[in-house]
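> please find the sequence and the predicted model below.
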Amino acid sequence: MNKVDELLLEEVIGTNLKEADAINIRKNGKSIERKISPYIEIVSKKDKNGIDIYVKDDVKFGIIHIPVIITESGLTDVVYNDFYIGKNSNVIIMAGCGIHNDLHKDSEHDGIHRFFLSENSKVKYVEKHYGEGKGSGKKVLNPTTEIYMKAGSSMNMDSLQIKGVDDTIRITKGELAENTTLVINEKILTNNANKAKSEFYIELNGNGSSTHVTSRSVATEDSYQEFKSNIIGNAKCYAHIECDGILKENGCVKAIPEIFAKNVDANLIHEAAIGKIAGEQLLKLMSLGLNEKEAEDAIIKGFLK
């Protein structure tokens, strides 16, 4: 790996790779580094690009890193990764993609991740997306995440788009059995003429299942963001969906909420708030000595933290 590779990894992982129990680093469509452990196995798929990750039963505090970096202009990389989490296991998975594009052709990464959580397992999943480069070629990232949860399992997902991604369509699907919990925190920053769409499709099929989805967006300059949620309650369940957006310059944010209760005991809530930074917030920070731009930047940083 060269210096550009190392800087991309730092942006999307932001931590020491050596601490991980299992590692798979993908660069320009190929695996360039892999590490496994006695209790976490990574196997290349034979029928298509991607890997299968197997976590054994009763694994405690396992750490898995599977970052992707792209430095080749004009490359479209599609990868299929499946995670099989054993019973009673507790793991942290760090993923995401960084694209460096200095030329005129578009570079794209489409990552399709499927999670299969066994009974009473726990997953903390973090994915970061980042784009950079001086070329006119776009940086395109289209992540798809599918989550299948068995009884008593839980998953906490942080999905972050840091900056520099020209176009993205982000799709998240979930199927929840009884006594499961799915928490998703999405944060997206767009500028220039970036476009970002997020779609959530979650079915709460078991009694005692619950989900909390929070999407925080900042759309600046001429960028556009769209948030769509489709939550179905098929049992005695609970869902709380929040969409909060900040606009600057000509930025646009569109929220399309859909909640469908199919059970009398389904409790589904959706909230949305979109607007510019409140004047009183700016005045408060400016009274501390910040100029208007510094105050705006501080508010946005705190909002996306």
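Sure, I can see it.
> residue boundaries of the helices in this protein?
Ranges of helices in the chain, per DSSP state H, are 3-12, 279-286, 292-304.
> most tightly surrounded among those helices?
helix 3-12 (a mean of 16; mean count of other C-beta atoms under 10 Å). Every C-beta, even on glycine, is put in place using the N, C-alpha and C of the backbone.
> off-centre distance for that one?
How far helix 3-12 lies from its chain's middle: 18 Å, per C-alpha atoms, centre = their mean, to the nearest Å.
> could you pull up the mean pLDDT of it?
Averaging pLDDT along helix 3-12 yields 91.
> before we move on, what about stretch 202-216?
In the prediction, stretch 202-216 has an average pLDDT of 97.
> CA atoms only for that stretch, dumped as CSV, please.
Provided in CSV are the C-alpha atoms of stretch 202-216 (Å, rounded to 0.1, in the frame of the first residue of the first chain):
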residue,chain,number,x,y,z
ILE,A,202,-37.9,-2.9,8.0
GLU,A,203,-40.4,-5.6,9.0
LEU,A,204,-41.0,-6.2,12.7
ASN,A,205,-42.3,-9.7,12.6
GLY,A,206,-41.9,-10.9,16.2
ASN,A,207,-43.5,-9.9,19.5
GLY,A,208,-41.1,-7.6,21.4
SER,A,209,-39.2,-6.6,18.4
SER,A,210,-38.1,-2.9,18.1
THR,A,211,-36.2,-0.5,15.9
HIS,A,212,-35.0,3.1,16.2
VAL,A,213,-33.8,4.7,13.0
THR,A,214,-32.2,8.2,13.1
SER,A,215,-31.1,10.0,9.9
ARG,A,216,-29.3,13.3,10.3
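> among the helices of the chain, which is nearest residue 143?
Across the helices of the chain, residue 143 has its closest neighbour in helix 3-12 (12.0 Å, C-beta to C-beta).
> what's in contact with that closest one?
Defining contact as C-beta atoms under 8 Å, 6 or more residues apart in numbering, one finds that helix 3-12 is touched by 1, 17, 25, 27, 67-69, 71, 96-100, 128-130, 132, 162.
> repeat that with 7 Å
By C-beta atoms under 7 Å, 6 or more residues apart in numbering, the residues outside helix 3-12 that reach it are 27, 67, 69, 71, 96-98, 100, 128, 130, 162.
> and stretch 38-55, by the same measure?
Contacting residues not belonging to stretch 38-55 are listed as 21-22, 24, 31, 34, 36, 56, 59, 62, 64, 78-86, 89, 91 [C-beta under 7 Å, 6+ apart].
> quick one: contacts for the residue nearest to residue 8 when sequence neighbours are not counted?
Distance criterion C-beta to C-beta, 6 or more residues apart in numbering; nearest residue to residue 8, sequence neighbours excluded, is residue 98 at 3.5 Å. Listed by C-beta under 7 Å, 6+ apart, the contact partners of residue 98 are 8, 11-12, 69, 130.
> could you give the bridge partners of the nearest residue to residue 267 once chain neighbours are set aside?
Computed as C-beta to C-beta, 6+ apart, the closest residue to residue 267 that is not its neighbour in sequence is residue 238, at 4.9 Å. Bridge pairing for residue 238 (DSSP bridges) gives the partners residue 210, residue 267.
> now distance to residue 230 too, for the helices of the chain, in CSV please.
Converted to CSV, the helices of the chain look like this (distance: least, C-beta to C-beta, whole Å):
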stretch, distance to residue 230
helix 3-12, 28
helix 279-286, 32
helix 292-304, 25
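> so residue 241 makes contact with residue 272?
No: proximity of residue 241 to residue 272 does not meet the contact threshold set by C-beta atoms under 7 Å, at 8.5 Å.
> of the two, who's got more company?
residue 241 (25 against 17; other C-beta atoms under 10 Å).
> distance check, the more buried one against residue 167.
Relative to residue 167, residue 241 is positioned 24 Å away (criterion: C-beta to C-beta, to the nearest Å).
> before we move on, the earlier item: common neighbours of residue 241 and residue 272, please.
Here residue 241 and residue 272 share the contacting residues residue 257, scored by C-beta under 7 Å, 6+ apart.
> just want the most central residue of this structure.
Computing the C-alpha centroid of the chain and ranking residues by C-alpha atoms, centre = their mean puts residue 159 first, at 2.3 Å.
> all strands for the stretch 51-200 of the chain, in order.
Under the criterion DSSP state E, counting those that start in this stretch, strands of the stretch 51-200 of the chain are mapped to 60-65, 68-70, 76-85, 90-100, 107-117, 122-132, 139-149, 154-163, 167-176, 181-190, 195-204.
> just to revisit the earlier point, so which of the contacts of residue 98 is the closest to residue 217?
Of all these, residue 217 sits closest to residue 130, with 16.4 Å by C-beta to C-beta.
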